Structures are given as C-alpha cells and as structure tokens.
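Student: Predicted model and sequence below, questions to follow.
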Amino acid sequence: MRRRFSSARIARLASVTPDGRPHVVPICFVIDGDRIVTVVDHKPKTTTQLRRLDNIRANPSVSVLVDHYDEDWSTLWWVRADGFATVVDEVTGEEPLLLELRDKYRFNYGMQTMAGPAIVIEVERWSGWDASDSP
C-alpha cells in the first residue's frame, strides 16, 4: 500500500477550515515511513497566506489521498493516509526530505530553492483499496 502511495506523483491534501468545511488541494510530496512531507513551492499563487497552512495551524488533522484511474477498472486503486500535520515555517531547502522532493520532481523543482513553509504529516492510519484484490 505504501509503495503505491510513494510512487504516485500527485496527492490531494485534505484539511479542515475553522468553520468545519473540508479544504482539498493537490500536492507534490515525498514519504519516509509514516511521514509525508510537502512544501509550498514557487508556482504563482494569489497569496502566500495559504488556507491549508492556516487550517493546519488551527486543526492539525489531515488526510492525504492518492489514486489511480484507468478505463480498465481492474487496475483501479487508492490509498489514504490519515494523520496530524505540522507547518514548518523555517526551512533551508537542504533538509534530506526536501532534497528527495527536489529529486522526485526534478523537472519542476530541480533549479528552485525550496524556502517553504513545509508541511510534515505524521501518519496514524493507512487505508486503501485495490481492484486487483477484489473477488
């Protein structure tokens, strides 16, 4: 399950707004055991005060979902990681997991300095489904 999760290129991070509404955004990520790391990158954004960061600071409960879709439904699968996130405001970009992130997304991150902030998720529960395991 974790291997499929780790090999995925894009995940969706779900956090909770202060008024209890779900907030979901796509993320690039790396995984290290039961820890997932993502960083706020330099893609153009309307603001640097991102809702996901505020949400996590107010309520650290998050879920991260990766999935695979294909016209051949026998190849479908999804994996979800539920846990608690922390915002790390000060990152140098030289932290080992951020270097892994740069390597995984070499084309997009290879020349960028990752100044953060980073989100570190401690996974408490893994769940998933794989069509090939279904009767």
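Tutor: Here it is on my side, so go on.

Student: now stretch 90-98: mean pLDDT?
Tutor: Computed over stretch 90-98, the mean pLDDT rounds to 73.

Student: oh, I was asking about stretch 122-134
Tutor: On average, stretch 122-134 scores 90.

Student: Can you list the neighbours in contact with that stretch?
Tutor: 1-2, 4-5, 34-36, 64, 73-86 (C-beta atoms under 8 Å, 6 or more residues apart in numbering). (Glycine included, C-beta is placed from N, CA and C.)

Student: Repeat that for stretch 86-93.
Tutor: For stretch 86-93, contacts defined as C-beta under 8 Å, 6+ apart pick out 39, 53, 56-57, 60, 98-99, 102, 113-122.

Student: Please pull out the lowest mean pLDDT helix or strand from the protein.
Tutor: In the chain, no helix or strand scores lower on mean pLDDT, DSSP states H and E than helix 106-109, which sits at a mean of 70.

Student: about what we covered before: just the buried ones from the contacts of stretch 86-93?
Tutor: 39, 53, 56, 60, 98, 102, 114-121 (16 or more other C-beta atoms under 10 Å).

Student: Drop anything exposed from the contacts of stretch 122-134.
Tutor: Looks like the contacts of stretch 122-134 have 5, 36, 64, 76, 77, 78, 79, 80, 81, 82, 83, 85 buried, using 16+ other C-beta under 10 Å.
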